[in-house]
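**Q** quick one, structure for this:
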Amino acid sequence: MAVGSFFPVAPINPVTQTTPSFSDVTAVYPANSSPSTFQSTGFIPEIWSGKLIEKFYDSTVLAAISNTDYEGEIKAFGNKVKIRTKPTVAIHDYSADQELLTDRPPGNVIELLIDKGKYWNVMLDDVMRVQSDLNVLSMWADDAAEQMKITIDRSVLLGMLGTAHASNRGATAGVSTASINLGVTGAPLNLVANNPVAAAPASEVDILDAILRLGQVLDEQNIPETGRWLVIPPWAATLIKRSELRQAYLSGDAVSMLRNGRIGMVDRFTIYTSNLLPKGVITGPPALAAGETVFYAGHPHALTFASQMTNMEIIRSERSFGDFQRGLQVYGWKVIAPEALAQAVVFRDVNPGIAG
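**A** As a prediction, this is how the structure comes out:
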């Protein structure tokens, strides 16, 4: 093989001074290489890919707030899966001796394109493998699953910005009342733990009041109460724990949330915290200004999400002594019922009760 060449070079025939066709050459590279031994040491890519996607769904907030019930197998980037959604059943007036009307609710199956993907590609040198008493690739795969969760959560939560129904966000939210202030960029809700004092700026809002506003917006859209969720940043969860709900008898729990750290449900919302919500300066539209972030509230049928680890493999490095571990996770998401999604633009008031 020629020095620096990546592919085998066919030898020149000394008699004819010609080279044989490439099909006559055994294109094996690297020559005399030995296969990876990681399957014998416990790291089997086919098994680990299943474990990692299961761990992903267990840890991502997206699995809790979206409809992940899909039909079909995700084999590669660009596949489509069918998402089953709940149909709307028509209700009719009844009178005696009438013939009943018969409806056939549509299947309400939508196609979701798996058009996004994230990957990792790392290499373990043979020397490092020999000197380590740890199953390094297994450890790396575990961390890759965690980093994948962070990356995909952040990407989808950012993409959701501004996708809620126009009546479920802004300073005049409410499909019926058009008078619910959920904050806008440049004029967010300045959140505090307890009721603002009389001299506080008008923009200061009690954290519980903000949650009630989101609940009212969904009520006006006739969104089912069962299954509602709310995603907030960790600092907002702290405000809830400092609010009136810190008293066990007000929250309806047997133990104060200050003792067990569990927020539970507030105004029919199951509350999830995430440090991956959009925040800071985001150029739009939609946009956020410095210090601003969002709350998302809704019902699982607002958002569809599907993901799969389609590739997980160990291959031998052709330019060094070591093994590559690489994985590809593909996913797709879509807001299919914007009326079941609400958004509030908020700001953490670090000096509550002080104007300016």
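**Q** CA only for contacts and neighbour counts going forward, please
**A** Fine.
**Q** the closest residue to T304 other than its chain neighbours and R84, how far apart?
**A** By the measure of Cα to Cα, 6 or more residues apart in numbering, the closest residue to T304 outside its immediate chain neighbours is N67, 4.7 Å from it. When distance is defined by Cα to Cα, to the nearest Å, N67 is 8 Å away from R84.
**Q** can you check I91 too?
**A** Taking Cα to Cα as the measure, I91 and R84 are separated by 22 Å.
**Q** higher neighbour count, those two?
**A** Shown here are I91 and R84; by other Cα atoms under 10 Å, R84 has more neighbours (18 against 8).
**Q** can you give me the pLDDT of that one?
**A** Looking at R84, its pLDDT reads 71.
**Q** same check, this time on the one 5 residues further on
**A** Reported pLDDT at V89 in the predicted model: 85.
**Q** now do N181
**A** Per-residue confidence at N181 stands at 96 (pLDDT).
**Q** cool, the one 4 residues further on as well?
**A** The score at T185 is 95. That number is its pLDDT.
**Q** count the residues that sit near it.
**A** As a burial measure, the neighbour count of T185 was computed by other Cα under 10 Å and equals 20.
**Q** likewise L101?
**A** The number of residues packed around L101, counting by other Cα under 10 Å, is 9.
**Q** for the chain, what spans make up the helices?
**A** Secondary structure of the chain (DSSP state H): helices at 45-59, 62-65, 126-131, 136-159, 207-220, 234-242, 248-251, 257-260.
**Q** quickly list what F269 is bridged to.
**A** V266 (DSSP bridges).
**Q** work out which residue lies at the spatial centre of this protein.
**A** Closest residue to the average C-alpha location of the chain: D153 at 3.0 Å, with Cα atoms, centre = their mean.
**Q** what residues are up against that residue?
**A** Residues in contact with D153, defined by Cα atoms under 8 Å, 6 or more residues apart in numbering, are 60-62, 276.
**Q** who does I282 form a beta bridge with?
**A** So, taking DSSP bridges as the rule, I282 has L288 as bridge partners.
**Q** got any ranges where the protein has weak pLDDT?
**A** Judged against pLDDT under 70, the low-scoring parts of the chain cover residues 1-59, 71-72, 107-108, 128-134, 195-203, 246-262, 350-356.
**Q** which residues of it fall in strands?
**A** Applying DSSP state E to the chain gives strands spanning 70-71, 80-84, 109-113, 116-125, 189-192, 204-206, 229-232, 265-266, 269-273, 292-298, 303-316, 322-335, 341-348.
**Q** give me the number of residues near the closest residue to Y296 other than its chain neighbours?
**A** The shortest distance from Y296 to any residue other than its chain neighbours is 4.8 Å, reached at Q343 (Cα to Cα, 6+ apart). Under the neighbour criterion other Cα under 10 Å, Q343 is assigned a count of 29.
**Q** from Q216, how far out is Q343?
**A** Q343 is 12 Å from Q216, where distance means Cα to Cα.
**Q** now L230
**A** For L230 relative to Q216 (Cα to Cα), the value is 13 Å.
**Q** which of those two has more neighbours?
**A** L230 (24 against 19).
**Q** is that one bridged to anything, and to what?
**A** Here L230, judged by DSSP bridges, has bridge partners I271, A297.
**Q** for A166, see how far away it is.
**A** In this structure, L230 lies at 18 Å from A166, with Cα to Cα as the measure.
**Q** need the contact list for M265.
**A** I271.
**Q** thinking again about what came up before, dump the contacts of D153 to TSV, plus neighbour count and distance to E244.
**A** As requested, those are arranged in TSV below (neighbours: other Cα atoms under 10 Å; distance: Cα to Cα, whole Å):
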residue	neighbour count	distance to E244
T60	17	30
V61	19	27
L62	23	29
L276	19	27
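**Q** was I right about L189 contacting Q343?
**A** No - using Cα atoms under 8 Å as the test, L189 is too far from Q343 to be in contact (11.6 Å).
**Q** need the overlap of contacts for the two.
**A** In terms of Cα under 8 Å, 6+ apart, L189 and Q343 are both contacted by the residues L182.
**Q** surely K149 meets A63?
**A** No - contact status for K149 versus A63: not in contact, 10.8 Å apart, counting by Cα under 8 Å.
**Q** more neighbours: which of those two?
**A** K149 (21 against 17).
**Q** how near is the more buried one to L239?
**A** From K149 across to L239, the span is 26 Å (Cα to Cα).
**Q** for P233, what are phi and psi?
**A** Taking degrees, to the nearest 10, you get phi -70, psi 160 for the backbone angles of P233.
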